[in-house]
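Q: fold the following and give me the result.
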Amino acid sequence: MFHSICRGMGTAALLGLCVGARADQPAIYAPSVLAEWHDEFRDVLSGHLARYRESLSPGDRAQVELLRLYLPQDGEKWPFQFQVGYGMLEMPVASLMFLKDMAMAEAWLKTQQLSPSTLSDYMGALRHGRLSGVAPARRAPLAALGVPADAANDPLVLERRNDTLDKLLLFLIAHELGHLLQPGALEPQRRCQHKPPLPSCSHEALRASERAADEIAVVLMLRVGFVPNPAALLFALQARYQDGDAAPTHPVDADRVLALRNAIDQRADAFARATRDPVQGLVRLQELSKSLKDLADGLADPGLVKHQSAIARTLEPEDLLPRHTPVPTLRPGLSARFASAPGTGYHRGELHVGPGAEPLDMQVLWAASPTTGTAQIVLNGIRGHWTRSVTTGGRVTYVMDVGGDLYDVSFDGVPGEQPVEGFWRSRSDPAASGRIILRRASPLTRIKV
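A: Residues are numbered from 1 along each chain as shown. A predicted model of the protein is given here:
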């Protein structure tokens, strides 16, 4: 999946899920918490590893018979610091805790019918250091995502979390075993990790090795009777953390996701028969196939990838709290919603980008004092702000900053009670311009967050 030179281990013998970008995340779990969960994770993983060993042919079993689990309690080995080498499968407790918490967050959001997009936004916020000023305890998934401390008291939430986590761990172990079961899988890695890379280094061979490990993981999970339902969630989280900048040998890209989808689709009937209810099992497999297809389509769309990256680079901690909307939105208080003076309160509107294109949703939350002429904005999920720059003959011009891109926006007067239409133009590309319309949001209108 991802690969990096991971601290404390020989690089020539390793394949795995290590993430090269921002792999040095500060610790979010206390040493006492890691110690508390170490033995429980070891017991679960040992059981999964034994189950896989029993499913292998004698020849394949011999290749993994001496494989031993290593669960380091290094708090900085997260979020995806899994790897396998000769004789050792490294599964850091901090990375396992992270998966456990993300599985809990996903389960709670789903049962509460809230948007799961905050999970991906959280990964983007981590990737771009948007939580660096937050205390470690508040940076951990459950606190950052606003999951209540008693969420596990709901039996539906707990059941979904346990099912997701169990299958995530099964898939991860199977993927790592998939590397060991490929003939000569470690050799391409050795050639490319040499400093400098050897002339025989082939990035395509490494990519092929990852796809093959995914397919072997699918085969192994089928043998032990489990459907890899959480694979779409895992790949989506990794793709958002990667944010287009992962090492080219191990990307979570559209081709990788589609290859996994095809491996599952080809065995859909067999997976369904292995479930308690084959009819319902087939329905869930179709849902998984669609989720993987949607993820692949998104990763293949450069515009969408760029938009998600722009959102991630402007996220604030409050944007990760539970919401219904797929993208972040402003959360105006009562005073802003009932404000009436020009240049105050909360406005909604749209920014028109060109003929035939859908207008972009825009929200404006003005500063408390109308004399400042400043406002927070969210444009299609991307945070920004604007500041009044000049007023000439009743024409008011603002400088709008959206994710670091600057625009000039002008209106005939300060936006107030009546809808106001203006004009915007990009400073970096003067040809990019269009209309902008704002209207004050009614204080009684329900704001969907």
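Q: now do the helices in the stretch 1-150 of the chain.
A: Here the stretch 1-150 of the chain has its helices, by DSSP state H, counting those that start in this stretch, at 31-55, 58-64, 93-111, 117-127, 136-139, 141-144.
Q: the stretch 251-400 of the chain now?
A: 254-265, 268-273, 278-299, 302-314, 334-337.
Q: domain ranges for this protein?
A: 11-311, 329-440 (automatic domain parsing).
Q: let's have those domains in a markdown table, adding mean neighbour count.
A: Quick note: C-beta positions are derived from backbone N, CA and C, even for glycine. Output for these, formatted as a markdown table (neighbours: other CB atoms under 10 Å):
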| stretch | mean neighbour count |
| --- | --- |
| domain 11-311 | 18 |
| domain 329-440 | 16 |
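Q: model confidence score at the residue nearest to residue 373 when sequence neighbours are not counted, please.
A: In space, and not counting its chain neighbours, residue 373 is closest to residue 388: 2.8 Å by CB to CB, 6 or more residues apart in numbering. pLDDT for residue 388: 86.
Q: kindly report the same for the one 4 residues further on.
A: According to the model's per-residue confidence, residue 392 sits at a pLDDT of 80.
Q: that one pairs with what?
A: residue 395 (DSSP bridges).
Q: and residue 386, by the same measure?
A: residue 375, residue 400.
Q: the residue of the chain positioned farthest from its centre and residue 333, how far apart?
A: In the chain, counting by CA atoms, centre = their mean, residue 393 sits farthest out from the average C-alpha position, at 47.9 Å. Counting by CB to CB, to the nearest Å, the separation of residue 393 from residue 333 is 34 Å.
Q: mind putting the helices of the stretch 251-400 of the chain into JSON lines with distance to residue 181?
A: Compiled in JSON lines, the helices of the stretch 251-400 of the chain are given as follows (distance: least, CB to CB, whole Å):
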{"stretch": "helix 254-265", "distance to residue 181": "15"}
{"stretch": "helix 268-273", "distance to residue 181": "19"}
{"stretch": "helix 278-299", "distance to residue 181": "23"}
{"stretch": "helix 302-314", "distance to residue 181": "33"}
{"stretch": "helix 334-337", "distance to residue 181": "59"}
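Q: nearest to residue 27, out of those?
A: Proximity to residue 27, assessed across those by CB to CB, is greatest for helix 302-314 (21.9 Å).
Q: quick one, that closest one and helix 278-299 angle?
A: If you take axes from the mean of the first three to the mean of the last three CA atoms, to 10 degrees, helix 302-314 sits at 80 degrees to helix 278-299.
Q: and helix 302-314, how far from the chain's centre?
A: How far helix 302-314 lies from its chain's middle: 12 Å, per CA atoms, centre = their mean, to the nearest Å.
Q: packing partners of it?
A: For helix 302-314, the packing partners by 3 or more CB pairs under 8 Å, 6 or more residues apart in numbering; DSSP states H and E come out as helix 117-127, helix 278-299, strand 382-392.
Q: mind redoing it with 7 Å?
A: On a contact count with 3 or more CB pairs under 7 Å, 6 or more residues apart in numbering; DSSP states H and E, helix 302-314 meets helix 117-127, strand 382-392.
Q: export these as JSON lines, with columns for distance to residue 345.
A: JSON lines is the format used below for the helices and strands packed on helix 302-314 (distance: least, CB to CB, whole Å):
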{"stretch": "helix 117-127", "distance to residue 345": "26"}
{"stretch": "strand 382-392", "distance to residue 345": "15"}
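Q: name the residues that touch the helix or strand containing residue 219?
A: Using DSSP states H and E, residue 219 sits in helix 203-223. Under the criterion CB atoms under 7 Å, 6 or more residues apart in numbering, residues 1, 52, 55, 170-171, 174-175, 177-179, 181-182, 185, 188-189, 192, 228, 248-250, 256, 259-260, 263-264, 267, 270-271, 274 lie in contact with helix 203-223.
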